[in-house]
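Q: sequence and predicted structure below; questions after.
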Amino acid sequence: MKNNITLFVLLFTTWLGFSQSYEFKTTVDLEATNVISQGNTGTCWSFSTSSFLESEIMRLTGKQIDLSEMYTVRHTYFKKAWTYVMRQGKAQFSEGGLAHDVTNSIATHGIVPNYVYSGLKEGEEKHNHSKMADSLKNILTTYLKDTNAYTSNWKNDVNHVLDYYLGPNVTSFNYEGIEYTPQSFLEMTTINPKDYVTITSFTHQPFYTNFVLNIPDNFSNGDFYNVPLDDLIEIMNHALHNGFSIELDCDVSEKTFSSKHGIAVIPLNDSTDALLNVSPEKEITAEFRQQEFENYNTTDDHLMHITGLLKDQNGTTYYKVKNSWGKDSSRVANGGYIYMSEAYAKLKTISIMVHKDAIPKALQFKLF
């Protein structure tokens, strides 16, 4: 009987230790622009990477510039269309994309402030790309169905649709009394697209090599540097502690990822109670991570921007992740940020993008 009482007290104490509301203390908080909404679009890749570059501009120059997400979207859509046609329809054509699509775009086309190219028609306040995406896909499928019967020029038709929904291309503009082109504006920000690298961690490819990750939205065949899982986390933590924010591609389909609660965790018992109360989490191994990737439980659902670190009352590390679903307090918590546990990041991260200087020197030597 005495042993039973002791066991009960032990179990109750353990339960009580985890049945407590979250209390967070911020340990790293890097500069970032305001949380905004991507609206009814699949362009999180542009919103998050633009936010990441906005923080980079602040880090490099001290300037706070609201970049145009839609300027990049416009140019990337045409590149997607070209790839889709050249591969005779055997490629991804959707609203999705990845972080390197943004750096690829700005390397060729430059960048512009949002007020120069908002991608919104007069009177519009929210982005909605459903009709635009359908129109573009219809042009491409009609052309590919019978190229000889297509009486127009598909490239001109794609540009007409992009002009109609997003606005015509920008060649020059005025910013703070100075005339810029998109390319000269990029030079002014001191952003060098070649300085940014994408890093992942999967066991089906050799570590410390780069490879093309075969995920649907990697239509542009971007290279990923592959590192062991512990190294991936080391890079993330080292970057944040040294003033570099992080672009994040991850899976957000878990029931314990919640923008409403502002929490993302991998609880031991899979219970959604973990969205409200501190709960023990699963141990994440490289083998488990690989398994979840190969069985499609982990997919590249969503891209966001990591801007800081926090700890809960038990000392567990969380990443402060800026989302692009707005900051309406009735729908999202933490002003539009997600507090993502290290366990969640280890399991559900597809890749990160960082400035090459954010990587610890010892790992730079192994990668580059």
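A: All right, it came through fine. Only a predicted model underlies this, so the values are computations on that prediction, with no experimental measurement involved. Numbering: from 1, shown residues only.

Q: contacts for stretch 157-167 next, please.
A: Applying CB atoms under 8 Å, 6 or more residues apart in numbering, the external contacts of stretch 157-167 come out as 70, 73-74, 77-78, 81, 117-119, 121, 129, 131-132, 135-136, 139-140, 169. Using the backbone N, CA and C atoms, a C-beta is placed for each residue, glycine as well.

Q: in the stretch 101-250 of the chain, which spans are strands?
A: Per DSSP state E, counting those that start in this stretch, the stretch 101-250 of the chain carries strands over the ranges 173-175, 178-180, 196-200, 209-212, 223-226, 246-250.

Q: tell me the gap between the second one and the middle of its chain.
A: Relative to the mean C-alpha coordinate of its chain, strand 178-180 is positioned 31 Å out (CA atoms, centre = their mean, to the nearest Å).

Q: can you pull the buried residues of that strand?
A: By 16 or more other CB atoms under 10 Å, the buried positions in strand 178-180 come out as Tyr180.

Q: parallel or antiparallel, list what pairs with that strand.
A: strand 173-175 (antiparallel) (DSSP bridges).

Q: mind listing what's buried in the strand it pairs with?
A: Buried, per 16+ other CB under 10 Å, within strand 173-175: Phe173.

Q: could you give the mean pLDDT of it?
A: For strand 173-175, mean pLDDT is 98.

Q: check the offset of it from the chain's centre.
A: Chain-centre distance of strand 173-175: 29 Å, with CA atoms, centre = their mean.

Q: if we can go back for a sec, buried ones only from the contacts of stretch 157-167, please, as a PyMOL command.
A: Buried subset of these, written as a PyMOL selection, criterion 16+ other CB under 10 Å:
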select buried, resi 70+73+74+77+78+81+117+118+119+129+132+135+136+139+140
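
Q: which ones among the contacts of stretch 157-167 map onto helices?
A: Among the contacts of stretch 157-167, DSSP state H puts 70, 73-74, 77-78, 81, 131-132, 135-136, 139-140 in helices.

Q: wait, what's in contact with the most centrally placed residue in the chain?
A: Centroid-nearest residue in the chain: Leu303, 2.0 Å away (criterion: CA atoms, centre = their mean). Counting by CB under 8 Å, 6+ apart, Leu303 touches 44-45, 47-49, 98-99, 247-250.

Q: a helix runs through it, doesn't it?
A: No: per DSSP: H, G, I helix; E, B strand; the rest coil, Leu303 lies outside any helix segment and is strand.

Q: can you put the contacts of Leu303 in JSON lines and add distance to Gly62?
A: Shown next, in JSON lines, are these (distance: CB to CB, whole Å):
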{"residue": "Cys44", "distance to Gly62": "27"}
{"residue": "Trp45", "distance to Gly62": "27"}
{"residue": "Phe47", "distance to Gly62": "23"}
{"residue": "Ser48", "distance to Gly62": "22"}
{"residue": "Thr49", "distance to Gly62": "21"}
{"residue": "Leu98", "distance to Gly62": "29"}
{"residue": "Ala99", "distance to Gly62": "24"}
{"residue": "Glu247", "distance to Gly62": "21"}
{"residue": "Leu248", "distance to Gly62": "24"}
{"residue": "Asp249", "distance to Gly62": "28"}
{"residue": "Cys250", "distance to Gly62": "30"}
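
Q: looking at those residues, which two lie furthest apart in space?
A: Phe47 and Cys250 (14.6 Å; CB to CB).

Q: low pLDDT regions in the protein?
A: Applying pLDDT under 70 to the chain picks out residues 1-19.

Q: so who does the residue lying closest to Ala239 once chain neighbours are set aside touch?
A: Leaving aside its sequence neighbours, Ala239 sits nearest to Ala358 (CB to CB, 6 or more residues apart in numbering; 3.7 Å). Contacts for Ala358 (CB under 8 Å, 6+ apart) come out as 235, 238-239, 242, 244, 246.
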